[in-house]
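Participant: one predicted model, sequence on top.
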Amino acid sequence: MRYHQAGNIPPKRHTIFKSPEDKFYYEQLFGTEGFHGISSLLYHTHRPTQIKSIGPAKDVTPKIAVEKNVAPRMFKGMNVTPEDDFMDSRKILLMNNDLKMGLSKPRKSMDYFYKNAECDELLYVHQGTGILKTFVGDLEFVIGDYLIIPRGTIYQVELKSEDTVFFVLESHSPIYTPKRYRNEFGQLLEHSPFCERDMIPPVFKEPKDEKGEFLIKVKKENQITDFIYATHPFDVVGWDGYFYPYKFNIKNFEPITGRIHQPPPVHQNFEGHNFVVCSFCARMYDYHPLAIPAPYNHSNIDSDEVLFYTEGDFMSRNHIDLMDFTLHPGGIVHGPHPGAMERSIGKKFTEEYAVMVDPFRPLKITEEALKVEDPSYKTSWLEESDKTMEDRSQE
């Protein structure tokens, strides 16, 4: 991330800073990894520590249905149940010790505040529009936006429609852009498929100087606890630093193409500890005269592979709907469906969009995922003659 400043801040950090009415502003260091990682300094109208009460904790630990998985699977995101409440709508489908991911279909805006106290969050907007409101400013979001929300950010989501759908990823490590696309000063390099201009910081809003009772739901260790604070959390008069939420639209990713098929790392957009996030975007196909645009059969020996299909027609798969998730476990060969390779030859471009997550530790499958699984996916690579025999054997 790059340095950003908004609102009013003092000329020197950790020094006296007062309002025009001669009242103190209260400084807060907002950052991770002790005092080593990136951080920002926030200046509050009121002390941000004024807890009035703490309620009981609600356990939200995902229930694991399959601890060890070696089968290819597909989950029908269209069938995930919407919920009115923003947090209740978050259905975790796949997880390991590094991350959780799933789908969220909230129908109503948040009437409380929320803070994930242990995970960075990535919300990909598959459908709908709205505003991500945070204590450092607002981000209006549209379809295709990645919302990157650092842990500890206090936020609300205001929906402008009832059909909003988010792909959700929670990471126990910070979510960054790939290191290979940055120089030693942190600037994105010329060959990066995106640049700093594509990363939009929050728009600063006037601080809320309000006292009362303000509910902040805090998530930590798979528990959500209700905190009541005495002042409005969006009372920040100014801030500066490198640590803040931002948005990046998938259609600002500039695909890297070549004469022959390029491997998935060219699509990488973000990374965390033990996982990467890639954006498959509309692009020219390979332009060698004998090129096969469809991906070759491959086995990710060291990582699982998850694809979330968000727009267009994904050329390497048959019978895929938007909002579907596919999971290909590490060590098991997968590739184009029957006929996909042949169909791709001679094609010049694709209009597909998908989010791919490759975790480097095996994923566990939750009970929520099994509710929406298509069990036929694991045998969907059979040739038609073999499929007929398979169907007869099950009669």
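Facilitator: That came through, no problem.
Participant: show residues contacting the helix or strand where Glu271 lies.
Facilitator: Element membership for Glu271, per DSSP states H and E: strand 268-272. Outside of strand 268-272, the residues within contact range by Cβ atoms under 8 Å, 6 or more residues apart in numbering are 98-99, 120, 122, 146, 148, 171-179, 193-194, 248, 250, 253, 276-279. In this view, the C-beta of every residue, glycine as well, is placed from N, C-alpha and C.
Participant: now do stretch 157-167
Facilitator: Here stretch 157-167 makes contact (Cβ under 8 Å, 6+ apart) with 77, 86, 101-110, 123-133, 308, 310, 323, 355.
Participant: which of the residues you listed fall in helices?
Facilitator: Judged by DSSP state H, helices contain none of these.
Participant: among those, which ones are buried?
Facilitator: Using 16 or more other Cβ atoms under 10 Å as the burial test, the contacts of stretch 157-167 include 77, 86, 101-106, 108, 110, 123-126, 128, 130-133, 308, 310, 323, 355 as buried.
Participant: right, and the helix or strand after the strand holding Glu271?
Facilitator: Using DSSP H and E, the first helix or strand after strand 268-272 is strand 275-280.
Participant: the residue nearest the centre of the chain pairs with what?
Facilitator: Nearest to the mean C-alpha position of the chain, counting by Cα atoms, centre = their mean, stands Leu122 at 2.4 Å. Counting by DSSP bridges, Leu122 forms beta bridges with Ile148, Leu169.
Participant: let's have the chain start at 42 instead
Facilitator: Sure thing, new numbering starts at 42, so read that last one as Leu163.
Participant: quick one: residues contacting it.
Facilitator: 187-190, 209-210, 212, 216, 311, 318.
Participant: mind putting those into JSON lines with neighbour count?
Facilitator: Formatted as JSON lines, the contacts of Leu163 follow (neighbours: other Cβ atoms under 10 Å):
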{"residue": "Tyr187", "neighbour count": "25"}
{"residue": "Leu188", "neighbour count": "20"}
{"residue": "Ile189", "neighbour count": "25"}
{"residue": "Ile190", "neighbour count": "24"}
{"residue": "Val209", "neighbour count": "18"}
{"residue": "Leu210", "neighbour count": "27"}
{"residue": "Ser212", "neighbour count": "25"}
{"residue": "Ile216", "neighbour count": "24"}
{"residue": "Phe311", "neighbour count": "22"}
{"residue": "Val318", "neighbour count": "24"}
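Participant: got those residues as JSON lines, with pLDDT and distance to His45 columns?
Facilitator: Listed next are the contacts of Leu163 as JSON lines, based on pLDDT from 0 to 100; distance: Cβ to Cβ, whole Å:
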{"residue": "Tyr187", "pLDDT": "98", "distance to His45": "17"}
{"residue": "Leu188", "pLDDT": "98", "distance to His45": "16"}
{"residue": "Ile189", "pLDDT": "98", "distance to His45": "13"}
{"residue": "Ile190", "pLDDT": "98", "distance to His45": "15"}
{"residue": "Val209", "pLDDT": "98", "distance to His45": "25"}
{"residue": "Leu210", "pLDDT": "98", "distance to His45": "23"}
{"residue": "Ser212", "pLDDT": "98", "distance to His45": "22"}
{"residue": "Ile216", "pLDDT": "96", "distance to His45": "17"}
{"residue": "Phe311", "pLDDT": "97", "distance to His45": "19"}
{"residue": "Val318", "pLDDT": "98", "distance to His45": "22"}
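Participant: from those residues, pick the one nearest Lys99.
Facilitator: Val209 (17.9 Å; Cβ to Cβ).
Participant: that closest one and Pro147 touch, don't they?
Facilitator: No: in this structure, Val209 is not within contact of Pro147 by Cβ atoms under 8 Å, at 10.7 Å.
Participant: for Glu74, see how far away Asp354 is.
Facilitator: Here Asp354 is placed at a distance of 42 Å from Glu74 (Cβ to Cβ, to the nearest Å).
Participant: for Val209, that is, sorry about that
Facilitator: As defined by Cβ to Cβ, Val209 lies at a distance of 23 Å from Glu74.
Participant: what of Thr351?
Facilitator: Going from Thr351 to Glu74 by Cβ to Cβ gives 32 Å.
Participant: and what of Thr86?
Facilitator: 28 Å.
Participant: what of Pro242?
Facilitator: 21 Å.
Participant: just the CA coordinates for stretch 52-68, please, in CSV.
Facilitator: In CSV, the C-alpha atoms belonging to stretch 52-68 read as follows (Å, rounded to 0.1, in the frame of the first residue of the first chain):
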residue,chain,number,x,y,z
PRO,A,52,2.5,18.2,12.1
LYS,A,53,4.4,15.8,14.4
ARG,A,54,3.1,12.4,15.6
HIS,A,55,2.6,11.7,19.4
THR,A,56,2.3,15.4,20.2
ILE,A,57,-0.5,17.6,21.6
PHE,A,58,-3.3,18.0,19.1
LYS,A,59,-6.4,20.0,20.0
SER,A,60,-9.7,21.1,18.4
PRO,A,61,-10.5,24.8,17.7
GLU,A,62,-12.5,24.6,21.0
ASP,A,63,-9.2,23.7,22.8
LYS,A,64,-10.3,20.1,23.4
PHE,A,65,-7.8,17.3,23.1
TYR,A,66,-7.9,14.9,20.1
TYR,A,67,-6.9,11.3,21.0
GLU,A,68,-4.3,9.5,18.9
